[in-house]
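Participant: Sequence first, predicted coordinates after that:
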Amino acid sequence: RMETNCNPMELPNNTEFEEDSDFRDFEGTDVKDMRLEAEAVVNDVLFAVSNMFVSKTLPCAEDVAYINVETRERNRYCLELTEAGLRVVAYDFDQADDSLQTPYHETVYSLLDSLSPAYREVFGNALLQRLEALKKDSQS
């Protein structure tokens, strides 16, 4: 699972309901889950990239969502989000190249860390500022 703030919609389905066709066919529940997870991923790191949003062109399914990201270096990527994690599926927005074999990353942080030195710097600085603020709070 992605490391994001817990959202009740992101909790795993109760397995005893999965086998009951009445529940499994409940329209849109699973599809919404991966899109919500993708939105949470975007909200977590948007401050550290130039642009990032869930693709409206590529289809979300119960097990996959696509996220477009433009790094501060102006490189564009389309990311695939699945239970396995995140990986680059194209070097432009709203594309998915099946022949591209890129590694999965467990978190959006490690994926962006590997793609963008500027992301690493901005994220690191934000972390330092947060730690400094905590330090001040504990001293007062």
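Facilitator: Yes, it's here.
Participant: What segments of this structure are helices?
Facilitator: Assigned by DSSP state H, the chain shows helices spanning 15-18, 21-24, 29-45, 108-115, 117-139.
Participant: Can you tell me how far the most centrally placed residue in the chain is from residue 131?
Facilitator: Most central in the chain under Cα atoms, centre = their mean is residue 41, positioned 3.3 Å from the mean C-alpha point. Residue 41 sits 23 Å away from residue 131 when distances are taken as Cβ to Cβ, to the nearest Å. From N, CA and C alone the C-beta is placed, and that goes for glycine too.
Participant: Please apply the same query to residue 74.
Facilitator: From residue 74 to residue 131 the distance is 29 Å (Cβ to Cβ).
Participant: again with residue 36
Facilitator: For residue 36, the distance to residue 131 (Cβ to Cβ) stands at 29 Å.
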